[in-house]
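A.B. asks: coords please:
(4 chains)
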Amino acid sequence: MQRYSGFGLAKHALSHHENWERQWRNPTPRKQYDAIIVGGGGHGLATAYYLAKEHGITNVAVVEKGWLGGGNTARNTTIVRSNYLWDESAALYEHAMKLWEGLSQDINYNVMFSQRGVMNLGHTLQDMRDIQRRVNANRLNGIDSEVITPEQIQQIVPIMDCSRNTRYPVLGASWQPRAGVARHDAVAWGYARAADALGVDLLQNTEVTGFKIRDGRVHGVHTNRGDIEAKTVGCVAAGNSGVLAKMAGFRLPLESHPLQALVSEPLKPVLDTVVMSNHVHGYISQTDKGDLVIGAGIDGYNGYGQRGSYPTVEHTLQAIVELFPIFSRVRMNRQWGGIVDTCPDACPILSKTPVKELFFNCGWGTGGFKATPGSGHVFAWTLAKGQTHPLAAPFSIDRFHTGALVDEHGAAGVAH
Amino acid sequence: MSEQTASWFNVYNVRPETEVPTESPLAWSCHHSGRPSVSEKSRVVLRERAMLGHLILRGGAIMLDEAVREVLGFGLPGRPNTLTRDESGERSIQWLSPDEWLVIVPGGEEFDLEGKLREALGDAHDSSDNHYAIVNVSGGQTLLELEGECARELLMKSTPYDVHPDAFPVGKGVTTIFAKASLILRRPTEDRWELVLRRSFADYLYRWILDAGREYAIGVDA
Amino acid sequence: MFHIYCPYCEEHREEEEFHPKGQAHIARPEDPEACSDEQWGDYLFFRDNPRGIHHELWVHAVGCRKFFNITRNTVSYEILETYKMGEAPRFTAEHPEGRPAETVAAERTAAGADKVERQQGAKA
Amino acid sequence: MSQSLKQPNRLHEGGRIDRSHTLSFTFNGTRYQGHAGDTLASALLSNGVDIVNRSFKYSRPRGIVAAGAEEPNALVQLGSSEAAQVPNVRATQQALFEGLTAQSTNGWPNVQRDAMSLIGKLGGRFMPPGFYYKTFMAPASMWMTYEKYIRKGAGLGRSPMERDPDHYDHLHQHCDLLVIGAGPAGLMAGLTAARSGARVILCDEQEEMGGSLLDSRELLDHQPAYRWAERVIDELGRLDNVTLLPRTTANGYHDHHFVTLHERRTEHLGETAPLVDGVRPARSRMHRVRAGQVLLATGAHERPLVYGNNDVPGNLIAGAVSTYIRRYGVVPGEKLVLSTTNDHGYRAALDWIDAGREVVAIVDARRNPDGDLVAEARARGIRIIDGAAVLEARGEKRVSGARVAAIDVAAFKVAGQAETLACDTIASSGGYSPVIHLASHTGARPSWDDELLGFVPSLVKGVHAAGSARGVHGLAEGLADGTAKACEALAALGKSADAIALPQVDARYESTACALYQVPHEKPTLRAPKQFVDLQNDVTAAAIELATREGFESIEHVKRYTAMGFGTDQGKLGNINGMAIAARCLGKSIPEVGTTVFRPNYTPVTFGAIAGRHCRELFEPKRYTALHQWHVEHGAEFEDVGQWKRPWYFPQVRPQVRPDATNGERESMAEAVARECLAVREKVGILDASTLGKIDIQGPDAREFLGRIYTNKWAKLAVGRARYGLMCKDDGMLMDDGTTSCLAENHFLMTTTTGGAAGVMEWLELWHQTEWPELDVTFTSVTDHWATMTVTGPEARKLLAEITDIDLDRDAFQFMDWRQGKVAGVPVRVFRISFTGELAYEINVQANYAMHVWKTLFEHGDKYGLTPYGTETMHVLRAEKGFIIAGQDTDGSVTPEDLGMQWAVGYDKPFPWVGKRALSRSDTRRVDRKQLVGLKPKDPKVVLKEGAQIVLDPDHAIPMPMVGHVTSSYYSPTLESGFALAVVKGGHSRMGETVYLPMADGKTHAAEIVSTIFVDPKGARQNV
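C.D. replies: Below is the predicted model of the structure:
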């Protein structure tokens, strides 16, 4: 693998950039692999990378029906934080956070992880109780998190309307300084390049059409480019997980919903942190290019169309203008939708399935991007050992039968 | 004291027999937001018809139609989203759902009407064939009238429902979205729209209508 | 934004008047106590989530307040039909072009039309 | 301020501007003049302003390239005052108005001399696509510092820093046919539909309707084409069934033919909306259109050619040159070289020469073109160089020449010796791309047409395209297509329309265009002068080639790696060229490389317009009770509960609070709440409880229904009695609670929590309509009908007795009874329900009479110390009694058993009620579930923080195992101590144990686990 550095860049510039190598190969599928990962998004690529790097399993294929990182990795609002309420989810997201903190160096690809802080606003007394509860839990779990006052909020974000005149005045916020944003596409590309360098085959335009299952055990997949055998198959297909599960003969407690987002035209920097409000329903940050990136709500119906309903966008912009009256004359450039696979408890599934050696990693809902390194890391462990990683154990499918749900609706970022 | 008309249901007159001060759902709004006066420039005029009698009828259409004809002298609207009125226009019945109607009558008539309807419908406490319900909701809603050349445009600013005469002929009435609340919108005559609002949303809707009507020099008829 | 035909109001209304309530035709087990934890969990949480034709329960929340079903394509978002509670869909994954209305009606009669089908969305 | 009053490039005649109406405006600090009818762009060109901006990445000087929505460079910051600032306004779409003030969005210290351009020149090389990803990684700790500097270069325009003085609104529209675009096809379609009587909306994004007819060289009915357009527009304007919307852009196509149109109502008049009759109209308006059918007559965008230094000011697309000359009377230069691949581009040269300026040459990539326009150009004596193209532009701040050479298109190489032609303007035309954006918003993928050399829209049911929008480019053909497609659309609605006769138009022969996207250069692309594809994001052909070399093979990867098409123009000019270049690099065809997906908006729309009137005071409804005015007049502070405004507490104004206080100071919240609490415990208080949800339930099966939906029993509740009930979801978790009273055998009144009211109502309907339709029962919301006031405290009976005819004797009217009677002369129902633990009467009165009853109570209440109290006091009092608040003490993961409320669970009810089955699941049976308990702080002065986490071992290292948290916590003036409710793992079996609460300030509080009932555990006080 060509090592990336400022010095290297200068060297290439002198040769008119004619000698850059491919970031990853475009291999022909082999007949057999040790492990197949279905889904070439951030989570799947991270899984492949950690399988190769941490477990020495390099005979791995990532099977992707479209282009790498083309699903929710390409469509999210890039927020990274770990201030989740319950011990189980906080541990998983904090595991991810620690990996984020060294990720660019680990994979030699600048994912532009910018720890500019995330605040979750509270607008009602109950919001503030929930914030206190979550922040206190975070603190005792060793996660940086604090409750800040409207005055402190106003200092961090001078352009926000923190007055008493708004419909739902800002009463306070939780604040995680280590949280922030990252460059979403680069995460997929960086993992892809690093996994490829370790020998992983990244098979794009390869669609799984079925699973080879004998005696209750998976033996590989059928694809539009032929059958591929493997001892272990891990599915990391977000919104399409339900479709894959159906192919394997079982159902999941998942529904795929549209989740919309939008960006403004590029503006000179005016907002240096990430602001989220469940109550008035919008979250916002500004990219290094100057776009305001704004997340809207989930539409209530199932949808694979990568678009949602217009009123959802209207509500979000009303909320943004309510919080930031100065943005009234700023213009929305583009909107789009992702497909989020949501669980009834707003927590993921990292689990064995009724089919032996077939594992699923899905149900991240609105929390997928921020979990990418952690999800890949524990899922690689799970695939390598054939048993669930301790951090993943609370997130098995069984919980929907026993009732041991981990209800994160309050912290999931989008109120439901 | 208690004026129960049927032992199976608790029905009584919620209106005081003696004169006591009353406040319509818009009392606070008129006090707080004022009442822009009607002028020659007013292209929309708003008027509250406060303190009317509002009853919800629930049950089978055929059974209720018979009773209503007997008591009020006119029948239930036959089609969804329509309303019927008596000759004076003072009493109306609107379709709300396949088993639900809104009856609006002059204030003070509602209790008497409920009694008569219950009498006409008979004792339906244990037979599943003729279950019905009547609920007095007079304190919970109020009726606004909207007139003027720009009334329709004001509605277009406020509701996604199609208010074009082709889609909303006289005699139609619907429950729909209005701004960020819901209300009942009806068109009893060629030139008049009626809005039936819920009490707790009345102030919001009043302020919305004044705001949307400002460019039409909206006036409020006292 | 969807334009939804309410089978009770007998006209199209804007999506803003409706609430989606999840997958349709999910009946509560007759005898919950006889269910295993697994069966009960399946009833509460496990859904089809198809890519393509899907039957959904909606309610005309700001309108007639009636629940009804929609057959909708979850990719194109095209609504193929709406139908009242207790009725069967004409359009299904097996019959994407739609079965003749008579066939559906005949099936209903055979199944006992007087027995209203119980069907409901998520209750958890 | 400098001034320039000449307009050197303005023609003396022609165009659609009003020369008698001069407007002055300021750009980058210089005053200029233009005319009514100008856009900012045409006015700048008429004044000879070449550099309008600096490019985003390389800071290269940039000029105006296009004349419409596709313009990538001419983005300006508009506004003379802070509040009126609008960032990133496209000068080609901004009508000129008197006093317009604009600035370039980039360029420091100014666009003429930009300090950053040096970096662009030297450093450009070091900024290939993706360079961020390859650098700034070491050391890890430095990224935030690097980023700080990178961010300095971010953005185009800037956000205003003050509140918007304008407002915006929405108009909900409905029509049979929505026609988007009022060019030849759109006007014909609109006219066809309009004459049929259908409801038609015709919108067009430009200042004036007519589209290409406004600058056409062709004649319709033997007159200039615009005359025909004017006649049609006039006819349409007089029809009642037609809504004409000029200055209106269809920006988003949503499902089921829901289209959003953005109408710029006042943006051509000033930077803020001017007052009309003292009222400020909406600055712009979103039309939310629900259409039966939609016809897209959105035309086509011309593609520029990609050649070296094609970004130097003076490079324009050919069509824009024609538009500026014919529509605005502006010639944007002296000497023109035209580089084209098609006949249509020749118009620019003909218009140029008509304007009396010099055409140096037409460079045509085709060999021996023979169309009518070519012949006309030859006849006018213009030099035509065929089989050739402009390889690169010369000049830095303005084109000074064009290097031209023969090329071999198929082999992608230069085929002859280059010649440099002196010129100041290069116009290029690489063909026409149908404007397919709106069609692709629907999710339909466009398909490539090899003959048209462009993507044509795929259309979902109900969408039609006509004219150039679907590749039907000729004028006669476009007109005919418009009327035909309108007939088709109306037929789909079951309406008939007659095709209308076409105006007379001369047939014209056009020779075939050739496919050329990137012009070859003698040097390989990576070494050639920069060939820009996406001008706004500084994406070059070399960048695309490099991306493909690095393995970015999907067009989506190419776009994302290079940022192509991510600008505010969304790649209207460059995307097709970029795809074609990617295809060339990958050795694939364009359709193999695939299409890109367009998303709303077609052009950017302000947040304000999308938000509409739902701002500030009207952002969301505030719901008020019938007693709101009284609360306001008595100084209440309010709490938001759902959409309701509830009195939180009533701080009193007292003459002297502290020795140092000034007169008239109000109580603190703690003081007010303590006073209110004591008033209830010792005298009598009153609460406005009107916000509780109230549902009237009638029917022979009402009782059965209640038994199924509540966890507890209802079979034996007698008429005249009330009962508290718990409602669970079928997962066994508590969702709501409240009392329900039996009004008559078949008649109940249910109350719900304030926030849960709507949800419970829908819940009841859900179960009734979908699961138990055989039950005869109906539900009607009466929340707003009844106002509810709670009179509670030891003196409540005495007070109420003064003004009621109800027998309040403790045996005649017992706890959990309700009675009917009069209070203050008004018929009411009174419920002996207590949420405070004191003697309490909840009065339900028809809301119109509520204020009278409330005031009468106060008239009589003074002597008993009647005190109004708010939600905070209500919370303290109920918590002292261990009464829960659903949603505060529960969070969706709590069962009735967790709450210790087994007494409210009907284990032996015959019907398997909602929530029952879940109570026997393995997780629900765990003994270490979190259970509701009371907490008594060891230090009575301490009020634990709600949300504080509970641990058993305060000395445990982080991460600390947590066993629960505080759900409710208050200071009790009755106990003179803090107290709390909490959920604790296995809490019910930990009574008396000590737990710890480590706080953020470093303190750790200790508390004892106690019963949830702190005051009057036997309930004697409420039974008096």
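A.B. asks: in the stretch 101-250 of chain D, which spans are helices?
C.D. replies: Secondary structure of the stretch 101-250 of chain D by DSSP state H, counting those that start in this stretch: the helices cover D:116-123, D:131-134, D:143-152, D:184-195, D:225-237.
A.B. asks: and the last one, what's its mean pLDDT?
C.D. replies: Meaning helix D:225-237. Averaged across helix D:225-237, pLDDT comes to 97.
A.B. asks: Which pLDDT value does the model give residue 80?
C.D. replies: No chain was given, so I picked chain A. According to the model, A:Val80 carries a pLDDT of 97.
A.B. asks: other chain: chain D
C.D. replies: pLDDT, D:Ser80: 95.
A.B. asks: I figured D:Ala365 hits D:Leu516, correct?
C.D. replies: Yes: D:Ala365 is in contact with D:Leu516 according to Cβ atoms under 8 Å; the separation is 4.8 Å. All C-beta atoms are positioned from the backbone trio N, CA, C, and that covers glycine.
A.B. asks: between the two, what contacts are shared?
C.D. replies: Overlap of the contact sets of D:Ala365 and D:Leu516 (by Cβ atoms under 8 Å, 6 or more residues apart in numbering or on different chains) consists of D:Thr341, D:Ala389, D:Val409.
A.B. asks: Can you name the residues bridging to the residue minimising distance to the centre of chain B?
C.D. replies: In chain B, the C-alpha closest to the average C-alpha coordinate belongs to B:Val196, at a distance of 4.6 Å (Cα atoms, centre = their mean). Here B:Val196 sits in beta bridges with B:Leu143, B:Ile184, going by DSSP bridges.
A.B. asks: I'd like to know how far it sits from chain D.
C.D. replies: Separation of B:Val196 from chain D (Cβ to the nearest Cβ, to the nearest Å): 12 Å.
A.B. asks: swap in C:Asn69?
C.D. replies: Taken as Cβ to the nearest Cβ, the span from C:Asn69 to chain D is 10 Å.
A.B. asks: what's across from that residue in the sheet?
C.D. replies: Counting by DSSP bridges, the residues bridging with C:Asn69 are C:Leu57, C:Tyr83.
A.B. asks: With the one 4 residues further on instead?
C.D. replies: As for beta bridges, C:Asn73 partners with C:Ile53 under DSSP bridges.
A.B. asks: Could you pull up the contacting residues of it?
C.D. replies: C:Gly52, C:Ile53, C:His54, C:Leu80 are the contacts of C:Asn73 under Cβ under 8 Å, 6+ apart.
A.B. asks: didn't the third one look like it was pressed against C:His25?
C.D. replies: Meaning C:His54. No: distance between C:His54 and C:His25: 10.8 Å, which falls outside the contact criterion (Cβ under 8 Å).
A.B. asks: Grab the nearest non-local neighbour of the residue minimising distance to the centre of chain A.
C.D. replies: A centroid search over chain A (Cα atoms, centre = their mean) returns A:Phe369, at 1.4 Å, as the residue closest to the centre. Nearest non-adjacent residue to A:Phe369, counting by Cβ to Cβ, 6 or more residues apart in numbering or on different chains: A:Asn76, 4.3 Å away.
A.B. asks: correct me, but that neighbour touches A:Ala371?
C.D. replies: No: at 11.0 Å, A:Asn76 does not count as touching A:Ala371 under the criterion of Cβ under 8 Å.
A.B. asks: So between these two, which is more surrounded?
C.D. replies: Set A:Asn76 next to A:Ala371 and count neighbours by other Cβ atoms under 10 Å in any protein chain shown: A:Ala371 wins out with 29 against 22.
A.B. asks: mind checking the SS state of that one?
C.D. replies: Per DSSP: H, G, I helix; E, B strand; the rest coil, the secondary structure class of A:Ala371 is helix.
A.B. asks: ok, so what distance separates it from D:Leu935?
C.D. replies: A:Ala371 sits 34 Å away from D:Leu935 when distances are taken as Cβ to Cβ, to the nearest Å.
A.B. asks: D:Leu526 - how many residues pack around it?
C.D. replies: D:Leu526 - counted by other Cβ under 10 Å - has 17 other residues nearby.
A.B. asks: Please apply the same query to C:Glu107.
C.D. replies: Quick note: C:Glu107 (other Cβ under 10 Å) scores 12 neighbours.
A.B. asks: So it is in contact with C:Pro89, correct?
C.D. replies: No: look at C:Glu107 against C:Pro89 with Cβ under 8 Å: they stay out of range, at 10.9 Å.
A.B. asks: what touches both of those two?
C.D. replies: By Cβ under 8 Å, 6+ apart, no residue touches both C:Glu107 and C:Pro89.
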